[in-house]
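[1] next input, structure requested:
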Amino acid sequence: MVEIQILDKTDEFMRFIVRGVNVPFVNALRRIMLTEVPAMAIDEIVILENSSILNDEILAHRMGFIPIKTDLDSYVLPEECKCESELGCNLCRANLTLDFEATDKSMTVYSGELKPENPDITPVSDKIPIVKLAPEQRVNLEAYARLGKGMKHAKWQPVSMCTYVYLPEVKIDNKGCDACGKCVQVCPEEVFVKTDSGIKTQNELECTLCMDCVDACPKEPKPVEITWDETAFIFKIESTGALPVERIVAEAAKILDKKIDDFSDQLKKVMKK
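    All right, here's what the predicted structure looks like:
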């Protein structure tokens, strides 16, 4: 039975423990979060005027990597839209416009200057610099954001970080430990602390399994034992802001479940032949 324990959570970051799974499962979940959970990104730009120092292609490239808030319930992937149009429709495309001119001094154009047609599809931050304009320079364009997947381009990745590690298990044999404190000195995560009653552990979840504490201990046999649970993992996930982090995990689990069902159906067809 799979168990999930949330350790830390905000809208854009979550750290949790998942128990009752193995490496292939958590690795598949991680890769799906990176490459197959859809997110919105600017995919096409019509530049009406650009007198800035940046070429049109560079300007378009910069705008493509601006994280865009995503509404998975209102939009569909272009390849799944019933409109079947290269231009798209209101179900598979969101429009944003940018019209900014520097007057008598140099000015920086930020993502907050993008004006969305749908107020729910906006940059995740107003402070992302796009281009710096000299006096009398102007940028005027129309941008079209679409859903996509990270497997096609990195700009559609909904996560900026997605990692997992084994759940560490730290044990100290107090009978064999002379409390020399060597493990306390070398541990980069301060998992050990020296007290009047001997060496104690703290922040065990922060252990990186580096084994420096074991190597530093002069006693034989080693009173410090570092192991890990092969059926439990600590996940760290950071969203770009395009989607709430819990939605990313939920969507990844749904996609993985569908892949397993599809594989099972294909296997059954093969077995019948």
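[2] all strands of the stretch 151-273 of the chain, in order?
    159-172, 192-195, 198-201, 224-239 (DSSP state E, counting those that start in this stretch).
[3] can you give me the helices for this protein?
    23-35, 56-64, 182-186, 212-216, 245-272 (DSSP state H).
[4] now render those as CSV, adding mean pLDDT.
    Converted to CSV, the helices of the chain look like this (pLDDT from 0 to 100):
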stretch, mean pLDDT
helix 23-35, 97
helix 56-64, 96
helix 182-186, 95
helix 212-216, 94
helix 245-272, 94
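[5] want to throw those into CSV with mean neighbour count and distance to residue 104?
    Placement of C-beta: from N, CA and C, glycine included. Formatted as CSV, those follow (neighbours: other CB atoms under 10 Å; distance: least, CB to CB, whole Å):
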stretch, mean neighbour count, distance to residue 104
helix 23-35, 17, 46
helix 56-64, 16, 23
helix 182-186, 18, 60
helix 212-216, 17, 60
helix 245-272, 13, 44
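[6] any idea which of the ones you listed gets closest to residue 231?
    helix 23-35 (9.6 Å; CB to CB).
[7] returning to what we had before: dump the helices of the chain to CSV, plus distance to residue 227.
    CSV is the format used below for those (distance: least, CB to CB, whole Å):
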stretch, distance to residue 227
helix 23-35, 16
helix 56-64, 45
helix 182-186, 15
helix 212-216, 11
helix 245-272, 27
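[8] excluding covalently adjacent residues, which one is nearest to residue 123?
    Counting by CB to CB, 6 or more residues apart in numbering, residue 111 is the residue found nearest to residue 123 once chain neighbours are left out, at 3.9 Å.
[9] do the same with residue 211
    residue 226 (5.9 Å).
[10] can you pull up the most central residue in this protein?
    residue 159 (1.9 Å; CA atoms, centre = their mean).
[11] contacts only, for the residue nearest to that residue when sequence neighbours are not counted.
    Computed as CB to CB, 6+ apart, the closest residue to residue 159 that is not its neighbour in sequence is residue 33, at 5.4 Å. The contact partners of residue 33, taken as CB atoms under 8 Å, 6 or more residues apart in numbering, are 158-159, 162, 237, 248-249, 252.
[12] what does residue 190 give?
    Taking CB under 8 Å, 6+ apart, we find residue 190 in contact with 202-203, 206.
[13] export stretch 187-206 as CSV, just CAs?
    Extracted in CSV, the C-alpha atoms of stretch 187-206 (Å, rounded to 0.1, in the frame of the first residue of the first chain):
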residue,chain,number,x,y,z
CYS,A,187,28.4,15.9,8.8
PRO,A,188,27.5,18.6,6.3
GLU,A,189,23.9,18.5,7.2
GLU,A,190,24.3,18.6,11.0
VAL,A,191,22.5,15.3,11.5
PHE,A,192,24.4,14.6,14.7
VAL,A,193,24.7,16.6,17.9
LYS,A,194,26.9,16.1,20.9
THR,A,195,25.0,16.1,24.2
ASP,A,196,25.9,15.3,27.8
SER,A,197,24.4,11.9,27.4
GLY,A,198,26.3,11.1,24.1
ILE,A,199,25.9,11.6,20.4
LYS,A,200,22.3,12.1,19.3
THR,A,201,20.7,12.4,15.9
GLN,A,202,18.6,15.3,14.5
ASN,A,203,17.3,16.3,11.1
GLU,A,204,17.7,12.7,9.9
LEU,A,205,15.7,13.4,6.7
GLU,A,206,18.5,15.8,5.7
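[14] still on that earlier bit, between the strands of the stretch 151-273 of the chain, which one is closest to residue 20.
    Set against residue 20 and scored by CB to CB, the strands of the stretch 151-273 of the chain come closest in strand 224-239, at 6.0 Å.
[15] parallel or antiparallel, list what pairs with that closest one.
    strand 13-19 (antiparallel), strand 159-172 (antiparallel) (DSSP bridges).
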